[in-house]
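K.L.:
Provided below are the primary sequence and the corresponding predicted coordinates.
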Amino acid sequence: MQLSVQIKHLKRFLKQEVSHSKRILDIGCGDGSTALYLISSLHCAVQGIDLDAGRIHRANEKFKRKARRGFAVCSILEAQDMRRTFFEKPFNAVIITHSFHHLANIGKVLRKAKSVLANDGKIIIAEYTNSFGETMDDCPRFAARKIKLLARNAGFKKLKKCNLSHGLFAIVGYKN
């Protein structure tokens, strides 16, 4: 299956899952493509964080050039250093798409993600499967059951796995 088909399935899933979320945190936002899609289709506010200064710059330039009804901004910040005071208000959703495997100190990142969520907030972690993902970028991947275990240990509840397409899945969990 082509990567573009998987991205289409992911975007449709994210749009459905965050449809009522007005504030979204995108951990590992990269060049801002996901944020731009969400603000364009849902008219929400997305704040992204990533460590790559070049990708953050491209994301913010992209936001300036494209007409949209929502708001997005990306900042350089290591996910494990998130703290509630960095953000103005709590988020309704935290998304981590195609970047979970790049996070250092995953348990701490998940606990921090939970702390910046509103009480009824949710986390969405989308990843490629081992067999598909490693052939794309040579990065190791986590099995869905491992991600669920890590999220459960961080305090997330009602965890569920959603198969989005061949080689791509998402884990959804709730703060309360």
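P.N.:
Received the coordinates, thanks. These numbers come from a predicted model, not from an experiment. Numbering: from 1, shown residues only.

K.L.:
for Asp50, which non-adjacent residue is spatially closest?
P.N.:
Cys29 (4.9 Å; Cβ to Cβ, 6 or more residues apart in numbering). Heads up, the C-betas are built off the backbone N, CA and C, glycines and all.

K.L.:
how many neighbours does that neighbour have?
P.N.:
By other Cβ atoms under 10 Å, the residues close to Cys29 number 28.

K.L.:
for it, which three-state class applies?
P.N.:
coil (DSSP: H, G, I helix; E, B strand; the rest coil).

K.L.:
lowest-confidence helix or strand of this protein?
P.N.:
helix 130-137 (a mean of 64; mean pLDDT, DSSP states H and E).

K.L.:
rewinding a little: please report how far the residue nearest to Asp50 lies from Arg152.
P.N.:
From Cys29 across to Arg152, the span is 25 Å (Cβ to Cβ, to the nearest Å).

K.L.:
now do Lys64
P.N.:
Counting by Cβ to Cβ - Lys64 and Arg152 are separated by 40 Å.

K.L.:
before we move on, what about Val172?
P.N.:
13 Å.

K.L.:
which one of the two has more residues nearby?
P.N.:
Val172 (20 against 13).

K.L.:
quick check: that one is in a helix.
P.N.:
No - going by three-state DSSP, the assignment for Val172 is strand, not a helix.

K.L.:
what about the helices in the protein?
P.N.:
3-17, 33-42, 53-65, 106-115, 130-137, 144-153 (DSSP state H).
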